[in-house]
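Structure for the following, please:
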Amino acid sequence: MHHTTGVARTAAVLAAAVTVTALMTGCTPTGEDGAAAVPSSPASAPSAPSKPSATPKASPPAGPTPSGGTKACTTGQVKVSDAHQADVRPPGTGTGAVVVPVTNTSTHPCTLQGFPTVAGAGNGSPDHNLPLATTHSGTATAVSLAPGARAWTKLTFVNVQGEADGYCVPGATPAAFPTLVLGVPGAGSHQIAMDDGVFAECDDKVTVTAFSSAKPS
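Next up is the predicted model:
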């Protein structure tokens with residue numbers, strides 16, 4: 001009686017094992033979401049970096065390369081000629097206004113730019129020169145002077161009124177200078193005279209134009 005029961009239990013265990021094995025046969029493992037798990041493919045080898053393309057060469061600039069500006073005029077390159085009365089000048093009996101030419105006397109071009117300084121020449125001694133207060137008129141631009149070419153500036157004074165020694169409207173005493181000392185930017189100081197008479201002015205003031213290739217009126 002006890003022997004039969006042991007055999008029956010053994011048979012039941014074997015039957016259960018066969019059932020489980022049968023159920024597992026042909027089954028495919030699944031992932032967390034129930035889809036069939038696909039084995040990951042081996043990591044592919046990194047592709048070789050592409051060869052950088054050659055840097056294109058810059059195209060040469062079009063046209064000729066500028067050679068630079070002309071050098072500034074120096075003292076030995078220019079000559080300042082005597083002044084003469086301007087056509088347009090303030091009313092009065094004094095000098096009023098004059099134009100002064102500066103000539104490139106060298107064999108090379110040079111550039112002149114800026115405003116002149118003006119002083120009354122003092123008895124042949126620079127220590128006695130009387131600087132005049134200058135007011136600039138216009139804009140200074142570079143003037144290229146070929147050999148023999150001229151640049152011009154115009155000097156306008158507070159004019160003397162009346163006859164004989166004259167008088168100044170503001171009440172100052174008129175001044176007269178046989179010559180003036182004209183300072184040219186970069187090209188030194190030059191003593192000039194009037195081509196007819198002397199320089200007469202009031203208040204030791206003068207308005208000067210920038211050097212220009214066009215002759216002022």
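
measure the closest residue in space to residue 130 that isn't next to it in sequence to residue 178 for me?
In space, and not counting its chain neighbours, residue 130 is closest to residue 120: 4.1 Å by Cβ to Cβ, 6 or more residues apart in numbering. The way it works is simple: take the backbone N, C-alpha and C, and place the C-beta from them, glycine included. According to Cβ to Cβ, to the nearest Å, residue 120 and residue 178 sit 9 Å apart.

Between those two, which is the more surrounded one?
residue 120 (20 against 13; other Cβ atoms under 10 Å).

Which strand in this structure has the most residues?
When the chain is scanned for its longest strand (criterion: DSSP state E), the result is strand 199-209.

low-confidence ranges in the chain?
When residues are selected by pLDDT under 70, those of the chain lie in 1-69, 124-125.

all helices for it, in order.
2-24 (DSSP state H).

That one: strands as residue ranges?
78-80, 84-85, 97-104, 110-112, 117-120, 130-131, 133-137, 143-145, 150-158, 175-177, 179-183, 189-193, 199-209.

list the buried ones in stretch 159-177?
For stretch 159-177, the neighbour count (16 or more other Cβ atoms under 10 Å) marks 159, 160, 161, 166, 167, 168, 174, 175, 177 as buried.

excluding its backbone neighbours, what's nearest the second one?
Closest residue to residue 160 apart from its sequence neighbours, by Cβ to Cβ, 6+ apart: residue 94 at 3.1 Å.

which residues touch the one you found?
157, 159, 160, 161, 166, 174, 200, 201, 202 (Cβ atoms under 8 Å, 6 or more residues apart in numbering).

which one of those residues is nearest residue 113?
Nearest to residue 113 among the contacts of residue 94, counting by Cβ to Cβ, is residue 157 at 23.9 Å.
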